[in-house]
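In: no FASTA, just this:
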């Protein structure tokens, strides 16, 4: 099976700082790959390059055979890459329902004139979009709160809404940036189950940044470890966990800390 | 006394409607692009001249001139965005650069108008005559009534577009967080185009009406100061707020002019601005500024 995403020799420099250096990754359809590393290792920068927010300094990003390097974020979103954020970034001024619909709408192809004259095409698509949005809200168990303004939701619900909004784009590849941040063990276990279920049910391919090791170890097929922008280990969760370089990156070199 | 009061209020509402057309667009641009478009006033001037020449030189009827005002200001607005602001936006320039660019555009357009059209004042042909409608003891100018109705109507249409359409939802999303909006598949370049088109055509209407009520001249872009006050008064970024602020300012100005002296009119307008900034900086309907995560 050809890879869904192929990233080769990806590098990003901010001025004199190399945030990501020679990053390589291949993800096959249906895989769930974890991206871990200490703070500042460059994980989010990888996400930013994959989604077009930061342009790579060097290297190549190929998604379904198409080069993404120079595409604007909205086109990449249309091609089927959706993401969530480490710090939740909802449209907190819109309702829960509207947040999801904003993303759903980008699939619609009626023009502004159709919406003014409420043509048959407009009504048909609008009905389909509303149904799709409501269904997604049911999936993430936010249906009951659909008319609330997003900022009034509790933290855990906002996380779920962000995932719902990303799903509304009907992505092929979903990038989750620390979805379990700020969650207790019980909540993060539930989230792991939810992510695993998403992957199977939506036939999604997922790239996951996470600090909660239990989440990573339970559901990821493969793990990539970054430190200071460099890939220091790749392999199955168990392999990576036993890798001395990884332990050193997380716990620090004994001599240096002595 | 009572009749005079009512008349001043109605006059104020019509002036307020004009402020509303200018301030709603100004406020919309502010909320999506995050800067104060000081050249917004010049867009009203463009619309006023376009309508004026359509009627006087081309001798076309009023509805056509109304359309030319909206279209020409809309086009100017879109070109302004494309040439002056888009390059800055794509470079990710800090907002101060936008402010400076906006001032530059304003001075540029004003002086182009002065050089090509002269500094004189032109008065509009009487479209609705000086007809008045008598309601009891109160005589209401037909122009005032029409200006008020069309202004409020146009602002309502803008508000409906923002609340009810897909584009409107995309605009609100982009206004809140442009980067996230683009990741949700929203083409922010296109959103800016639409916002400037909308804001420009509203400004064109404002220019036409102001020209009809008073005169058309190269410096009429100074209405931006009033639009600015109205937008702050109502709460920056809120369309109903900008309209409410505009109508209130129009009425206050008109009452001051009628019962105190017209030379104090602007003094009151700016006192109001200072008072709002001191006591209620988020305006009548604005949302309290909150930290973005």
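Out: Happy to help now that I have it. It should be emphasised that the depicted structure is a prediction, and the values quoted were computed from it without experimental measurement. Numbers count the residues shown, from 1 in each chain, chains lettered A, B, ... in the order given.

In: contacts and neighbour counts: CA atoms only from here.
Out: Fine.

In: May I have the phi/psi pair for the residue in chain A that chain B sits nearest to?
Out: Taking C-alpha to the nearest C-alpha as the measure, chain A has residue A:74 as its residue closest to chain B, at 4.0 Å. Backbone torsions of residue A:74, given as degrees, to the nearest 10, read phi -70, psi -30.

In: Skip the chain neighbours and tell me the closest residue to it.
Out: Among residues not flanking residue A:74 along the chain, residue B:185 sits closest, at 4.0 Å (C-alpha to C-alpha, 6 or more residues apart in numbering or on different chains).

In: and the closest residue to chain A within the stretch 101-250 of chain B, helix, strand or coil?
Out: Relative to chain A, the nearest point of the stretch 101-250 of chain B is residue B:185 (4.0 Å; C-alpha to the nearest C-alpha). Following DSSP: H, G, I helix; E, B strand; the rest coil, the label given to residue B:185 is coil.

In: Near it, how many other residues are there?
Out: A count of neighbours around residue B:185, defined by other C-alpha atoms under 10 Å in any protein chain shown, yields 27.

In: interface residues of the stretch 51-200 of chain B facing chain A?
Out: B:165-167, B:169-170, B:173, B:176-177, B:179-180, B:182-187 (C-alpha under 8 Å from any C-alpha of the partner chain).

In: Contact residues of chain A facing chain B?
Out: A:51, A:53, A:73-78, A:82-83, A:87-94, A:98, A:102-103, A:105-106, A:112, A:115, A:166, A:169.

In: Distance check, the spatially most central residue of chain A against residue B:161.
Out: Central residue of chain A (C-alpha atoms, centre = their mean): residue A:175, 1.6 Å from the mean position. Counting by C-alpha to C-alpha, to the nearest Å, the gap from residue A:175 to residue B:161 is 32 Å.

In: ok so, going back, tell me the contacts of the residue of the stretch 101-250 of chain B closest to chain A?
Out: Counting by C-alpha atoms under 8 Å, 6 or more residues apart in numbering or on different chains, residue B:185 touches A:73, A:74, A:75, A:76, A:77, A:78, A:103, A:106, A:169.

In: same question, residue A:187
Out: Contacts of residue A:187 by C-alpha under 8 Å, 6+ apart are residue A:180.

In: any idea how far residue A:156 is from it?
Out: Distance from residue A:187 to residue A:156, by C-alpha to C-alpha: 8 Å.

In: swap in residue B:168?
Out: Distance from residue B:168 to residue A:156, by C-alpha to C-alpha: 28 Å.

In: With residue B:135 instead?
Out: Taking C-alpha to C-alpha, one finds residue B:135 at 59 Å from residue A:156.

In: Give me the subset of the residues of chain A next to chain B lying in helices.
Out: A:73, A:74, A:75, A:76, A:77, A:78, A:98, A:102, A:103, A:112, A:115, A:166 (DSSP state H).

In: what about the last one, how many neighbours?
Out: Applying the criterion other C-alpha under 10 Å, we find 25 residues in the vicinity of residue A:166.

In: Same check on the first one?
Out: Using other C-alpha under 10 Å, residue A:73 has 29 other residues around it.

In: ditto for the third one
Out: Neighbourhood size, residue A:75 [other C-alpha under 10 Å]: 19.

In: Excluding residues flanking it in the chain, which one is nearest it?
Out: Using C-alpha to C-alpha, 6+ apart, the closest residue to residue A:75 is residue B:185 (6.5 Å).

In: quick one, helices of the stretch 101-250 of chain A?
Out: With DSSP state H, counting those that start in this stretch as the criterion, the stretch 101-250 of chain A has helices at A:112-117, A:120-139, A:155-168, A:185-201, A:213-219, A:237-242, A:244-251.

In: Make CSV out of those helices and add mean pLDDT.
Out: Below are the helices of the stretch 101-250 of chain A laid out as CSV (pLDDT from 0 to 100):
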stretch, mean pLDDT
helix A:112-117, 64
helix A:120-139, 84
helix A:155-168, 90
helix A:185-201, 87
helix A:213-219, 85
helix A:237-242, 86
helix A:244-251, 82
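
In: if we can go back for a sec, lowest-confidence one in the contacts of residue B:185?
Out: Minimum pLDDT for these is recorded at residue A:106 (68).
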